[in-house]
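**Student:** Give me coordinates for this.
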Amino acid sequence: MTRLSVNINKFATLRNSRGGDKPNVLKAALDCERFGAQGITVHPRPDERHIRYDDVMVLKDAISTEFNIEGYPDKRYLGIIEKARPAQATLVPDAPDALTSNSGWDTVKHKDMLRDLVAEIKKSAGRVSIFVDPIPEMIEAAAETGAERIEFYTEPYARNYHKNREKAVEDYVKCATLAKELGLTINAGHDLDLDNLNYLIRRIPYIEEVSIGHGIVCDALYYGLENTIQMYLRQLKI
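**Tutor:** Residues are numbered from 1 along each chain as shown. Okay, the predicted model is just below:
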């Protein structure tokens, strides 16, 4: 079954908006694990507007599931990876001031840079994943960087799901097939929720992991965190 990694950035955003330590980010991560999540994801941005450096250092020693650290691979991020030694490092092409991830890498243009980064990060992380759009050329170039995994940027799928779900998923299915043929394993993330998640998994049943944060936090306001995580886990069954 596809694994659920909960992105806990939004818990940190809420904490930071008021100061203090409520909600407690560590407790949120441990509760997500206790409620069934098989991984915890963080994206520590340079301005620390949500997850902070200190959060990462506390989490790395406390969580028992797979720890995934996303980020733009600058010197700061590489230092975090070296110290935290996560199970997975996910490279995203975000500008420092980006509100949220909004595209995948141009792996053709940046292939040489990514190849060097992947080799460096592999010294500290268990696995390297590259954030990509569902474009065949980008999948092929990603495979040439030495990364073991890709993560599909799924906002376009989510945005178009209710208009025409078959068309919305079409490019992802084709590129997932290509990625599998090239020996890459697959993650997916961005704007996945209780409406669109199961269809994606049924069409691409070999997705290894989905990383979901915003949708889970929004649904938890109504359903409670434990119930929400169980609802998402049920969506991952096919």
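
**Student:** What would stretch 154-173 look like as PDB? C-alpha coordinates only.
**Tutor:** Only the C-alpha atoms of stretch 154-173 are listed here, as PDB (Å, rounded to 0.1, in the frame of the first residue of the first chain):
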ATOM      1  CA  THR A 154       0.300  17.100  -8.400                       C
ATOM      2  CA  GLU A 155      -1.200  20.600  -8.200                       C
ATOM      3  CA  PRO A 156      -2.200  20.500 -11.900                       C
ATOM      4  CA  TYR A 157      -3.900  17.100 -11.300                       C
ATOM      5  CA  ALA A 158      -5.800  18.400  -8.300                       C
ATOM      6  CA  ARG A 159      -6.800  21.600 -10.000                       C
ATOM      7  CA  ASN A 160      -8.300  19.800 -13.000                       C
ATOM      8  CA  TYR A 161      -9.600  16.700 -11.200                       C
ATOM      9  CA  HIS A 162     -13.200  17.800 -11.000                       C
ATOM     10  CA  LYS A 163     -13.300  19.100 -14.600                       C
ATOM     11  CA  ASN A 164     -12.100  15.800 -16.100                       C
ATOM     12  CA  ARG A 165     -10.200  13.400 -13.900                       C
ATOM     13  CA  GLU A 166      -9.200  11.100 -16.700                       C
ATOM     14  CA  LYS A 167      -7.500  13.900 -18.600                       C
ATOM     15  CA  ALA A 168      -6.100  15.300 -15.400                       C
ATOM     16  CA  VAL A 169      -4.200  12.100 -14.500                       C
ATOM     17  CA  GLU A 170      -3.300  11.100 -18.100                       C
ATOM     18  CA  ASP A 171       0.200  12.700 -18.100                       C
ATOM     19  CA  TYR A 172       1.000  11.300 -14.700                       C
ATOM     20  CA  VAL A 173       0.100   7.800 -15.700                       C
END
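
**Student:** center of the chain - which residue?
**Tutor:** Geometric centre of the chain, nearest residue: Ser211, 4.1 Å, by C-alpha atoms, centre = their mean.

**Student:** what's that residue in contact with, if anything?
**Tutor:** Counting by C-beta atoms under 8 Å, 6 or more residues apart in numbering, Ser211 makes contact with Ser5, Val6, Asn7, Gly39, Thr41, Asn68, Glu70, Thr90, Glu151, Asn187, Ala188, Gly189. Where you see a C-beta, it was placed from the backbone N, CA and C, and this is true even at glycine.

**Student:** which residues does the last one contact?
**Tutor:** Contacts of Gly189 were listed using C-beta under 8 Å, 6+ apart, and they are Asn7, Thr41, Glu151, Phe152, Tyr153, Thr154, Val210, Ser211, Ile212.

**Student:** Narrow the residues you listed to those that are buried.
**Tutor:** Among those, those scoring as buried are Asn7, Thr41, Glu151, Phe152, Tyr153, Thr154, Val210, Ser211, Ile212 (criterion: 16 or more other C-beta atoms under 10 Å).

**Student:** Pipe these into JSON lines and attach pLDDT per row.
**Tutor:** Formatted as JSON lines, the buried ones among the contacts of Gly189 follow (pLDDT from 0 to 100):
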{"residue": "Asn7", "pLDDT": "98"}
{"residue": "Thr41", "pLDDT": "98"}
{"residue": "Glu151", "pLDDT": "98"}
{"residue": "Phe152", "pLDDT": "98"}
{"residue": "Tyr153", "pLDDT": "98"}
{"residue": "Thr154", "pLDDT": "98"}
{"residue": "Val210", "pLDDT": "98"}
{"residue": "Ser211", "pLDDT": "98"}
{"residue": "Ile212", "pLDDT": "98"}
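
**Student:** Nearest to Glu33, out of those: which one, please.
**Tutor:** Thr41 (12.2 Å; C-beta to C-beta).
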